[in-house]
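Chemist: I would like to see how this sequence folds:
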Amino acid sequence: MLDTAPLQDAYRALLDAAATVANADDSNPAPPHGEWNADQILAHVSLISATTIATVAGIAAGANATYDNRIALDTWTIEQTIAHAGGNVGLRDRIGGQAAALCALAGGAALSDAELSTPTLARLLSNDTLLVDQPMSLRDIVTGLAEAELPGHTKQLLALLPDRAVAEATR
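Modeler: Sure thing, here's the model as predicted:
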C-alpha cells in the first residue's frame, strides 16, 4: 500500500505556487534565459503526470510498462499541451484532475505491494543530462514525483516571482 498524502501535498503546493504566480502583478513573468515560463512548467508537469498515470495504469493492467520523461521535455509537445489546455487556468485544472487520478490509482488498495515493487525501465533526463536509465520500482517513481519532481517545479515557479512576492507566498 502506498501512502499518497505526500503526493497530494506536493501537488497542492505546486498548484498553490502556480496560482500565486498567476495572481501576481506580472502574471506572466519572464523566466531567466534558458528557463521555462509558468505555462511551460505547468505543461511539463501535466505531461509528467500523464506519463506517470499511464505507467501506473499499465502495471495495474499487467502490462510491461516503461517510464520515460523525454516527451515532457519536447518544446513542441509542451506548446501543444498549453494550447490544448487553454493556458494557465486550464493547465492548473488539468493538473488538479491528474493529481486526483494518480492518487486514486496509486494509493489505497488499488495496487498491491507486488505491483508497487514492479521494476519498470525508467529513462529520466533533465537539462539534456541523463539522470536515470535503469529499472526503478513503481513505488520509487511515484515517491520521486512527490519528493523531487513536484517540489523542484514548485521552487521553479516561485523563482519567477519578485523577491517580495516569494516571501509572501512562502509564509
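Chemist: any weak-confidence spans in the protein?
Modeler: 27, 163-171 (pLDDT under 70).
Chemist: need the residue closest to the centroid of it.
Modeler: Of all residues in the chain, the one closest to the mean position by Cα atoms, centre = their mean is V45, 3.4 Å from it.
Chemist: which strands and helices lie in contact with the helix or strand containing that one?
Modeler: Applying DSSP states H and E as the criterion places V45 in helix 38-60. With contacts taken as 3 or more Cβ pairs under 8 Å, 6 or more residues apart in numbering; DSSP states H and E, helix 38-60 sits against helix 5-22, strand 66-68, helix 75-85, helix 88-106, helix 138-144, helix 150-158. No exception for glycine: its C-beta is placed from N, CA and C like everyone else's.
Chemist: pull the residues that contact the second one.
Modeler: The contact list for strand 66-68 (Cβ atoms under 8 Å, 6 or more residues apart in numbering) reads T51, T52, T55, T120, L121, A122, R123, L124, M136, I141.
Chemist: test my guess that the second one contacts G144.
Modeler: When you say that, I think you mean T52. No: using Cβ atoms under 8 Å, T52 and G144 do not qualify as a contacting pair, with a distance of 9.6 Å.
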